[in-house]
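Undergrad: When you get a sec, could you give me coordinates for this:
(one chain, ligands or ions: 2)
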Amino acid sequence: MDKIDLILDTCKKCGNCCRDTIPLISDSEIEVWTKNNDVEILNNIEPYMRWHTFKKKNNACTFFDGEKCLIHDKKPESCRLFPHSKDSAIELDCDLFDLLNK
Ligand code: SF4
Ligand code: SF4
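TA: Ligands and ions are numbered 1, 2, ... in the order given. Next up is the predicted model:
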């Protein structure tokens, strides 16, 4: 099994990473969405500390429909790199950190 298959197999599809975290968005990602005129994405961005993030809906990321990411192909790198730390993996009951850091 290659690494991608292992990741897909290990991810429980619980959605905790979209429900209980805040994706960090960089200026360069905003530039790309602006260039591509991704209006729906741009309209759902708000400032967060020295970064940006997506607005929330029912306390989850606005692009989480309860089962999946509605902008999967365009989601920020911080979503692709989740979980960022052992602590966040434990907090959200995610096994991917251990898999990716063996
Ligand atoms: S929290 Fe972890 S196991 Fe759950 S959906 Fe996100 S990546 Fe998958
Ligand atoms: S952009 Fe997609 S993957 Fe990232 S937190 Fe929102 S719903 Fe989840």
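
Undergrad: Just the element for W33, please.
TA: helix 27-35 (DSSP states H and E).

Undergrad: tell me which parts of the protein are close to ligand 1?
TA: C11, K12, K13, C14, G15, N16, C17, F82, L92, C94, L96 (CB under 6 Å from any ligand atom). Every residue, glycine included, has its C-beta placed from N, CA and C.

Undergrad: pLDDT averaged over the helix holding W33 - what is it?
TA: Averaged over helix 27-35, pLDDT sits at 97.

Undergrad: what helices or strands is it leaning on?
TA: helix 39-42 (3 or more CB pairs under 8 Å, 6 or more residues apart in numbering; DSSP states H and E).

Undergrad: which other helices and strands contact the helix it packs on?
TA: By 3+ CB pairs under 8 Å, 6+ apart, helix 39-42 packs against helix 27-35.

Undergrad: export the helix it packs on as CSV, just CAs?
TA: Provided in CSV are the C-alpha atoms of helix 27-35 (Å, rounded to 0.1, in the frame of the first residue of the first chain):
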residue,chain,number,x,y,z
ASP,A,27,-1.9,35.9,1.1
SER,A,28,-0.6,33.9,-1.9
GLU,A,29,-3.6,31.5,-1.7
ILE,A,30,-5.9,34.6,-1.7
GLU,A,31,-4.0,35.9,-4.8
VAL,A,32,-4.7,32.6,-6.7
TRP,A,33,-8.4,32.6,-5.8
THR,A,34,-8.6,36.3,-6.8
LYS,A,35,-6.9,35.6,-10.1
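
Undergrad: if we can go back for a sec, are any of the residues of the chain next to ligand 1 buried, and if so which?
TA: Among those, those classed as buried by 16 or more other CB atoms under 10 Å are G15, N16, C17, F82, L92, C94, L96.

Undergrad: Tell me if I am right that the fourth one is in a strand.
TA: No: with DSSP: H, G, I helix; E, B strand; the rest coil as the criterion, F82 is assigned coil and is not in a strand.
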